[in-house]
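S.K.: Dropping the sequence and predicted coords here.
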Amino acid sequence: MVEAITVKRRGALDHRLETINGVSLQPAKPARRVSLRAEPDGLAPLSKALGLDLPTKPKTSALADGRSALWLGPDEWLVIDESEDAEPLKDLAEVTVLHSAVDISHRNVAIIVSGSKAADVINAGCPQDLGLQAFPVGACSRTVLGKIEIVLLRTAPDTFRVECWRSFADYAFSYLSDAARGV
Amino acid sequence: MLLIHCPYCQEERPELEFRNGGEAHIARSRDIAAESDEAFEAFFFIRTNPKGLVYERWRHIHGCGRFFNAVRDSVTDKFLRVYKAGEPKPADVMKNLPEHSAWENIPPADQNVETPARDRVSTDGEA
Amino acid sequence: MATTTTKRFAATHRVAGKGRLAGSAALGFTFDGQTYAGVQGDTLASALLANGVHLVGRSFKYHRPRGFLSAGPEEPNALVGIHRDAARKTPNVRATVQELYDGLTAVSQNRWPSLAYDVGAVNNIGSPMFSAGFYYKTFMWPKDAWAKIYEPRIREAAGLGVAPERPDPDTYAQRFAHCDVLIVGAGPSGLAAALAAAESGQRVILCDEQPDVGGALRYESGASIEGQDGWTWAQAAAASLLARDNVRVLTRTTAFGYYAQNMVGLVERVTEHLAHPDLTTPRERLWQVRAKKVILAAGAIERHMVFADNDRPGIMLVSAARTYLNHYGVAVGRNVGVFTANDSAYPAAIDLKKAGVNIAAIVDIRDNPSSALVEEARSLGIEINAGRTVTGTDGRLRVSSMTVQAKSGGPARKVPIDALLMSSGWTPSVHLFSQSRGKVAFDEPTLRFLPGIYAQDCISVGACNGADSLDATVDEGFAAGEKAVRATISAKPKVDKGETWGGGMLGASPGSGPEQIVKAFVDFQNDVTAKDIRQAVREGMRSIEHVKRFTTNGMATDQGKTSNLHGLAIAAEVLDKPIPAVGLTTFRAPYTPVTFGSIVNHAKGELFDPTRRTPMHGWEEQQGAVFEDVGQWKRAWYYPRKGEDMHAAVNRECKTVRTSAGIFDASTLGKIEIVGPDAAKFMELLYTNPWAKLEAGRCRYGIMLREDGFIYDDGVVGRLSDHRFHVTTTTGGAPRVMHHMEDYLQTEFPHLDVWLTSITEQWAVIAVQGPKSRDILQSLVDNIDISDAAMPHMSVREGTICGGVPTRLFRMSFTGERGFEVNVPADYGRAVWEAIWEEGKKHDVCAYGTEAMHVLRAEKGYIIVGQDTDGTVTPGDAGLDWAIGKKKSDFVGIRGLTRPDLVAPGRRQLVGLRTKDPKTVLEEGAQIVDDPKQPIPMKMIGFVTSSYWSENCGRSIAMGLVEGGFGRMGETLHVPMPDGVIEVEVCKPLFFDEKGERLNG
């Protein structure tokens, strides 16, 4: 159990919220995030500790009980958990198999982009094919948006989660809203 | 903008996600401290820069983050083969090219729909 | 500008019952201040022609009056300025492309004082001076005159339009799109291809530069498809395509560039046709389309006839006159002549005649033109002059007559006309095919370059592939559409009736032959005549690429769409070579001009480049901090209080840190977490220092080299546990250090069990530096013993602060004072900062910025990589030999350090510099010499890398890289400056607390 922290938490995108041309841009809730690195052959105990099957196929993710694991590379996953009392880092602490788990909860900020033109908005700066066939629900990838790097996760046919580093969140949000005006 | 097949992501991705890493297959000596000046010069400063087939390193830096190697034709920019870091230099690059990928020379006969035969004299358009 | 008259001219040349704009809304517009009427659906060109206006511009070199040549994007002449408001003045807009909107304001270009009376037209009289190569030959000497006289004058005269002076207020958008089939051109062939491809359900994009689909069906009055007239069929086809989810139809969209791997650039004009565009709607949208297959259905462009004075207003392409009549309902004249080398002119003459326009005569250079069309023209009573040619025209601001003569010479006859239509045949639009690196091939019988060898997965169909009939274009398009999606579709559109085209000639027409001294224009926009091209060949140009550059043929904004083949044919004739042997100039993107706005698109203003701010930025702003840019970061530079200038603020901040304490935002420092059983081994390889024996909980200053032995980065590294390091890098070095580490880990040391994770932005970093730093933090840390005994200099602890906020607390110093760096998760950065600030106020602390940080570290001689090093500095040069693990057998850079040049004497070494006058502050970058009396150029033996006023030392301090510097202690050197030579004494780079006692409290 974490001690209740009384100090005020300030997000990078507090008070930013927009709906433009039917596309809503909304900062995601604070989340616990872990950058998990491991050899592909030692995943079973890590999967067990996390309570989901770490995906091994490129561009795919796994979701269980509000916890997502995104395949980012052959030995790299991004674990995201928005539940209040979730502690994925602690869940991994006892696993003895070779791995690296690093807390990046505050490193990343996420923007939820949703609406029928969500893919078009993201495609204003992201060069990947975001058609449902090429990038179905659950697909995820590290890629670029304009001049920054993002991690993109499709959570529904018309909803994406755009993760970026904290100091790039302003840029990402402004880029997406400029793009939404232009679709 | 080129499309580059990432051997780890197992699909073609836009060039914007990649960074070139210079010539491939230049191994750092395991006993580098003992290398002669000449050997170090060859290792650190000398690059082949050929016209034609180049073996080069790429990193899918804004994707899976992995380094890999590629064979590319420096005349046409075409990627002929990609392979994972650590794998040996492919010897048979010109053979076994994948069929009908975009950016491949395809003879007109396979491309054109039936059109009346015309007497065409070829010119390369860049006299 | 002339005063605007309010009278509206009647649309005198609109023909009742013709065209497709009947019943459209009436619009008003002005051209050169004169008000005119047009209708919705007009282009500026059609609306001006409806008002009988042909004169719209002056040519570039000779200032000759010019009118409309075409009705489309190939237009070389009718370039105007469109002025929306003070900021939005677009020059060189093709009036044939600009759609009319209510209130449109257009002005003519390249004329003064007015279009009808232009002083520059004197160039026309003096034209023998302005022959090909004129500029190359004339302005060679005297040399001085170039910069002072020739260039400014030429620049003033050069260019057609005037660029706007204010920033562009419009917005632009961008889209990456992917599809299975991209079809360029929505004429009959492209539409047929789209119908076939769409049926499969695959993703199809169909684009066309016109506002509507249909292509040549705009004017082809005889076409009938599926029982409908051609145009109606085309609109119905587009509607059926638009109704599909898998098809995107983009009109007003030009495919301007064909790049590698089927990437095609499109630019969509979103608001150019609107009277009152919403400023938040993008003016244009750039599409970067990646297509599995591309179908090029780009059509063909009609060529003019090359004959004397073929450029007078009123002389235009046959297809243009036909478009104005059949689409816009505008007759381009009342008594029209026709000059042709192929059949295409006949249906135009027939359409005009049937619309009540008198056809003065058709002049056909063919001896025996015979076809149903010729017969039909004859039966309508149109005079046909076969085997004859037009040798000239009259008329100053509008053509008034043409001179007709037999090709073989003989008596000439002047035929009065008010418009002249011309056609020498059709040039397939192979621009995009050629840009795709496909090789064109010359088709001898039809005198055309056609797609030959393909380089990419694309196919050309219809007129751009040499198809000569409506039947063939629809067939080719449909078949290509089927093939692209590998399906057989049954519903191929049936062509009931359609026209054919083909035939014609290239080069100068008879009567403007080699002996004639006349202006027979090949390239209208650049004023290149047949004579110029012949002259270029005579002066030794052999390659068409040289002829092009010598004459500027095809180098104007229209890129020679109508002129290139004529120019080539004339050059071939003079060279007496077959056309393919002379070659064809390269087609390059863009097909038509593209705005910078569309290319820049979103990347302007705040989106030009990311601006990175730390979690404490808001607090710093509230405190009145002045910020400096450090890469993409905004960093607090100094915090001026009331009445303080920068100097005073920095002095105060520096004093405060050394007397009580200061707090500093160090969040931008790069941070990397290195985890795994081989973490220490990896550190040993990437840094010069030894790491194996560093205990958990301790820190070390690390130096990273490149393989060549030069300093690449530095930073303090904390060992959190046996298998976990917390590495810091310079602010600017963070991304490249991460890349450098990953490179070695993945490709040279893949056997190591270790992973790297960037944590730069996970942790906000609050440096608390100064004698009171421990007192301040003492009451804030929850569970960490920060006493000197428990936590000495260069140690790190994990715990919590401020009631539970996780922290990685470093005891370290970049000031020489007792100091801490408090790392907390970024979202808590500001709150913890504020808590420290509140506590610190009890001790009279200050917040200090990067300038004070620089001064304080310079007082201690701590280097900044990139300021005191420049990529050619070794640890030895910087006095940091102690940081190299002497017992190590390998680390990146170990071999580079022993290179002969790196161990040779006389290297530049980092030393301290004390000015003789303590009040003088050296300039960073200033050059250092040994003997100031030596002759110029003096030998520079080094330069100043860091220099500040130090309030703590009561004097200026500086560091510099000086040849053999370590051996020069106490020597006097000189820094020559514009207002005198400054004397400096070489010293150790350490100006404050030489024994380093303050670090430990």
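M.R.: Good, I have the coordinates. Residues are numbered from 1 along each chain as shown, chains lettered A, B, ... in the order given.
S.K.: Across the sheet, point out what pairs with the spatially most central residue of chain B.
M.R.: Centroid-nearest residue in chain B: residue B:72, 2.1 Å away (criterion: C-alpha atoms, centre = their mean). Taking DSSP bridges as the rule, residue B:72 bridges to residue B:54, residue B:79.
S.K.: need the contact list for the residue nearest to residue C:595 when sequence neighbours are not counted.
M.R.: Beyond its immediate neighbours in the sequence, the residue positioned closest to residue C:595 (C-beta to C-beta, 6 or more residues apart in numbering or on different chains) is residue C:284, lying 6.2 Å away. The way it works is simple: take the backbone N, C-alpha and C, and place the C-beta from them, glycine included. Counting by C-beta atoms under 8 Å, 6 or more residues apart in numbering or on different chains, residue C:284 makes contact with C:172-173, C:267-270, C:272, C:595, C:597-598.
S.K.: With residue A:32 instead?
M.R.: By C-beta under 8 Å, 6+ apart, the residues touching residue A:32 are A:79-82, A:86-89, A:103, A:105.
S.K.: Now do the buried residues in the longest helix along chain A.
M.R.: Identified as the longest helix of chain A according to DSSP state H is helix A:169-182. By neighbour count with 16 or more other C-beta atoms under 10 Å in any protein chain shown, helix A:169-182 contains the buried residues A:169-182.
S.K.: Let me see the ranges of the strands in chain B.
M.R.: B:3-6, B:11-14, B:19-23, B:53-59, B:67-73, B:79-84, B:120-122 (DSSP state E).
S.K.: Kindly apply the preceding question to chain A instead.
M.R.: Going by DSSP E, chain A shows strands at A:18-20, A:23-27, A:32-38, A:61-64, A:67-73, A:76-81, A:99-103, A:108-114, A:140-145, A:148-156, A:159-165.
S.K.: Residue of chain A closest to chain C, please.
M.R.: residue A:182 (2.9 Å; C-beta to the nearest C-beta).
S.K.: In terms of helices and strands, where is residue C:535?
M.R.: Using DSSP states H and E, residue C:535 maps to helix C:530-538.
S.K.: tell me the strands in the stretch 601-750 of chain C, going along the chain?
M.R.: Secondary structure of the stretch 601-750 of chain C (DSSP state E, counting those that start in this stretch): strands located at C:626-630, C:633-638, C:662-665, C:670-675, C:699-705, C:711-721, C:724-729.
S.K.: Buried deepest among those, which one?
M.R.: When those are scored by mean count of other C-beta atoms under 10 Å in any protein chain shown, the highest mean neighbour count falls to strand C:662-665 (a mean of 27).
S.K.: Output the contacting helices and strands for it.
M.R.: Secondary structure elements in contact with strand C:662-665, counted by 3 or more C-beta pairs under 8 Å, 6 or more residues apart in numbering or on different chains; DSSP states H and E, are strand C:763-769, helix C:829-841, strand C:846-847, helix C:850-859.
S.K.: at 7 Å what do you get?
M.R.: Under the contact definition 3 or more C-beta pairs under 7 Å, 6 or more residues apart in numbering or on different chains; DSSP states H and E, strand C:662-665 sits against strand C:763-769, helix C:829-841, strand C:846-847.
S.K.: Please work out which residues outside it touch it.
M.R.: For strand C:662-665, the external contacting residues (C-beta atoms under 7 Å, 6 or more residues apart in numbering or on different chains) are C:614, C:616, C:620, C:636, C:653, C:656, C:766-770, C:836-837, C:840, C:845-848, C:853.
S.K.: Now do stretch C:789-800, average pLDDT.
M.R.: Mean pLDDT, stretch C:789-800: 97.
S.K.: Also stretch C:654-663?
M.R.: For stretch C:654-663, mean pLDDT is 98.
S.K.: so what's residue C:578 up against?
M.R.: Residue C:578 sits in contact with residue C:572, where contact means C-beta under 7 Å, 6+ apart.
S.K.: Could you report the separation of it from residue C:316?
M.R.: Distance from residue C:578 to residue C:316, counting by C-beta to C-beta, to the nearest Å: 31 Å.
S.K.: For the stretch 551-700 of chain C, which residues are neighbours of chain B?
M.R.: Neighbours of chain B within the stretch 551-700 of chain C, by C-beta under 7 Å from any C-beta of the partner chain: C:580, C:582-584, C:586.
S.K.: what about the chain, any weak spots by pLDDT?
M.R.: No chain was given, so I picked chain A. Residues of chain A that meet the criterion pLDDT under 70 lie in A:1-4.
S.K.: Can you look at chain C instead?
M.R.: By pLDDT under 70, the low-scoring segments of chain C are C:1-10, C:122, C:125-160, C:513-516, C:1001.
S.K.: Quick check, the residue in it closest to chain A?
M.R.: For chain C, C-beta to the nearest C-beta, closest residue to chain A: residue C:173, 2.9 Å.
S.K.: what about the closest residue to the residue of chain A closest to chain C other than its chain neighbours, which helix or strand?
M.R.: Of all residues not flanking residue A:182 in the chain, residue C:173 sits nearest, at 2.9 Å (C-beta to C-beta, 6+ apart). Using DSSP H and E, residue C:173 falls within strand C:172-184.
S.K.: helix/strand/coil for residue C:581?
M.R.: Under DSSP: H, G, I helix; E, B strand; the rest coil, residue C:581 falls in the helix class.
S.K.: Now do the closest residue to residue C:386 other than its chain neighbours against residue C:374, distance only.
M.R.: Counting by C-beta to C-beta, 6+ apart, the nearest residue to residue C:386 once its immediate chain neighbours are dropped is residue C:364, at 5.1 Å. As for residue C:364, its distance to residue C:374 is 8 Å (criterion: C-beta to C-beta).
S.K.: who are the neighbours in contact with residue C:968?
M.R.: C:911, C:962, C:986.
S.K.: try 10 Å this time
M.R.: Neighbour list for residue C:968: C:909, C:911, C:930, C:941-942, C:962, C:985-987 [criterion: C-beta atoms under 10 Å, 6 or more residues apart in numbering or on different chains].
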